[in-house]
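Enquirer: Attaching a predicted model along with its sequence, questions to come.
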Amino acid sequence: MLSITVHKITMFREEAKWLSNIIYSLEPNSVFPMLNIGSSNKKFREQEQPWIDELLFKPVREKEYSVIHTDMKNDVGVDLVGNLCDPVFLQKLSEMNIKSVLCSNLLEHLTNREEICKIISSIIPNGGYIFVTVPYKYPYHRDPIDTMFRPNIEELSNLFPDFKIVTGEIVEGGYLVKSTTTPPTLYALAMFIRLILPIYQPLRWFDSLRYALWLFRNISVSCVLLEKVK
């Protein structure tokens, strides 16, 4: 139960619904193959946050489109392991005919955000898309760091100057305590137990305190669809 103190960012159900509606409203040939950057593993997408697979990736498999899950950690469900700053890895991506990129809840964890955004932009062809989400109202959460980047739609889109905004929205996610598969009562209880045990991982205890103060506050995420125009 104390593992909750990891405070890994969730993809809200409402966020997944927004992305699904946008992705499947577009011409498939302009979206797929899609590169899912910072995908995490199969367990995360299908068990810890099952709405991710149900809304975003199950329809892909059923329609036999292609999504490439990439992460820096080798794990089950990661199709391609690599670092976007590695020229060899980028060369491999350039050979995969990528049409769009999904970048969800990643940019707030990067100290080289502008550099990574330029690299992502270079992957996508003219007329291709990037689907970007970043927390807007959300507590500090290590993964393993959090820069507290909490952009609005304009600030987020400004990271990609070669793209135009097709649509964007700050999507409400409801109370933080209801944002996981753990029943809210158990989630709150686990957090309470964590807070009365500061001796356990004391450096992380302050993170838990800040996180706990958000349990019954509304959370939201900035979501934007961008199209490459030059």
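Expert: Here it is on my side, so go on.
Enquirer: show me the contacts for the spatially closest residue to residue 179 that is not a sequence neighbour.
Expert: Spatially, and ignoring its direct neighbours in sequence, residue 179 is nearest to residue 10 (4.9 Å; CB to CB, 6 or more residues apart in numbering). Placement of C-beta: from N, CA and C, glycine included. Contacts for residue 10 (CB atoms under 8 Å, 6 or more residues apart in numbering) come out as 49, 105, 179-180.
Enquirer: ok, now residue 57?
Expert: Neighbouring residues of residue 57 by CB under 8 Å, 6+ apart: 45, 67.
Enquirer: do the same with residue 213
Expert: So residue 213 contacts residue 139 (CB under 8 Å, 6+ apart).
Enquirer: so what does the helix or strand bottoming out on mean pLDDT in the chain touch, helix or strand wise?
Expert: Every helix and strand of the chain was ranked by mean pLDDT, DSSP states H and E. The lowest is helix 202-212, at a mean of 83. Packing partners of helix 202-212 (3 or more CB pairs under 8 Å, 6 or more residues apart in numbering; DSSP states H and E): helix 184-195.
Enquirer: in the helix it packs on, what's buried?
Expert: Neighbour counts over helix 184-195 (16 or more other CB atoms under 10 Å) mark 187, 190-191, 194 as buried.
Enquirer: picking that back up, the least confident helix or strand of the chain vs helix 184-195, what angle?
Expert: Computed with axes from the mean of the first three to the mean of the last three CA atoms, to 10 degrees, the direction of helix 202-212 lies at 140 degrees from that of helix 184-195.
Enquirer: Centroid-wise, who is the farthest residue in the protein?
Expert: Ranked by distance from the centre of the chain (CA atoms, centre = their mean), the top residue is residue 199, with 31.6 Å.
Enquirer: For that residue, which residues are in contact?
Expert: Residue 199 touches nothing, counting by CB under 8 Å, 6+ apart.
Enquirer: Wasn't it part of a helix?
Expert: No: Residue 199 sits outside any helix when classified using DSSP: H, G, I helix; E, B strand; the rest coil, being coil.
Enquirer: quick revisit: for my notes, confirm the residue nearest to residue 179 occurs in a helix.
Expert: No: with three-state DSSP as the criterion, residue 10 is coil rather than part of a helix.
Enquirer: where's the residue farthest from the centre of the chain relative to residue 140, distance?
Expert: Distance of residue 199 to residue 140, computed by CB to CB, to the nearest Å: 21 Å.
Enquirer: now the strands for the protein?
Expert: 34-37, 67-71, 80-81, 100-104, 129-137, 163-175, 218-228 (DSSP state E).
Enquirer: I figured residue 63 was touching residue 31, is that so?
Expert: No: under the criterion of CB atoms under 8 Å, residue 63 makes no contact with residue 31, lying 10.9 Å away.
Enquirer: quick one, which of the two is more surrounded?
Expert: residue 31 (22 against 10; other CB atoms under 10 Å).
Enquirer: What are the neighbouring residues in contact with the more buried one?
Expert: 23, 65, 99-100, 129.
Enquirer: at 6 Å instead, please
Expert: 99-100 (CB atoms under 6 Å, 6 or more residues apart in numbering).
Enquirer: residue contacts, residue 99?
Expert: 30-33, 128.
Enquirer: repeat that with 10 Å
Expert: 26-35, 66, 123-125, 127-129 (CB atoms under 10 Å, 6 or more residues apart in numbering).
Enquirer: Check the gap between the nearest residue to residue 108 once chain neighbours are set aside and residue 113 for me.
Expert: Leaving aside its sequence neighbours, residue 108 sits nearest to residue 149 (CB to CB, 6+ apart; 4.3 Å). In this view, residue 149 and residue 113 are 7 Å apart by CB to CB.
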